[in-house]
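K.L.:
have a look at this prediction, sequence included:
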Amino acid sequence: MCMNNTILTKKDIIAINQKFAEGYFENESGLDYALSLLKHNISWTKKAAYLIRAILIDNSFVNGNKRSAYSVLMACVELNSYSIEEKKAVNIIKEIVTKNRKSVARIQRMIEDDITKK
């Protein structure tokens, strides 16, 4: 998924959203743009940041964006043999939403500050 230049697919992200909502798009183009950027050779934390930003800031789905972003974050962390406390992951999602954090670099730093290698 997010490991070693492998990324979550659009289908994977829709399936994650369907755990919480219907999987209907509100802003599909934002997610498509983020997925297109993930083809570049960048770190998994930056890939996760692009996805999370697209889901939260661009409101990719009609419902379930916060829960979907949280699940994407947790999946990427786990797949790359890192860990993050659930409370810290929730706080990342809350800060992005409440403070309207749009910078991918800022979101990436937030992730990197809170993860630890297993």
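P.N.:
Arrived safely.
K.L.:
quick one: secondary structure of the most centrally placed residue in the chain?
P.N.:
Closest to where the C-alpha atoms of the chain average out (Cα atoms, centre = their mean) is Ile52, at 2.8 Å. Assigned by DSSP: H, G, I helix; E, B strand; the rest coil, the conformation of Ile52 is helix.
K.L.:
quick check: closest non-adjacent residue to Ala69.
P.N.:
What sits nearest to Ala69 in space, not counting adjacent residues and going by Cβ to Cβ, 6 or more residues apart in numbering, is Ile55, at 4.3 Å. Backbone N, C-alpha and C define where each C-beta goes, glycine included.
K.L.:
just list the residues touching that neighbour, thanks.
P.N.:
Contacts for Ile55 (Cβ atoms under 8 Å, 6 or more residues apart in numbering) come out as Ile13, Leu31, Phe61, Asn65, Ser68, Ala69, Val72.
K.L.:
over to the third one: give its phi and psi.
P.N.:
Put plainly, it is Phe61. With angles defined as degrees, to the nearest 10, Phe61 sits at phi -110, psi 160.
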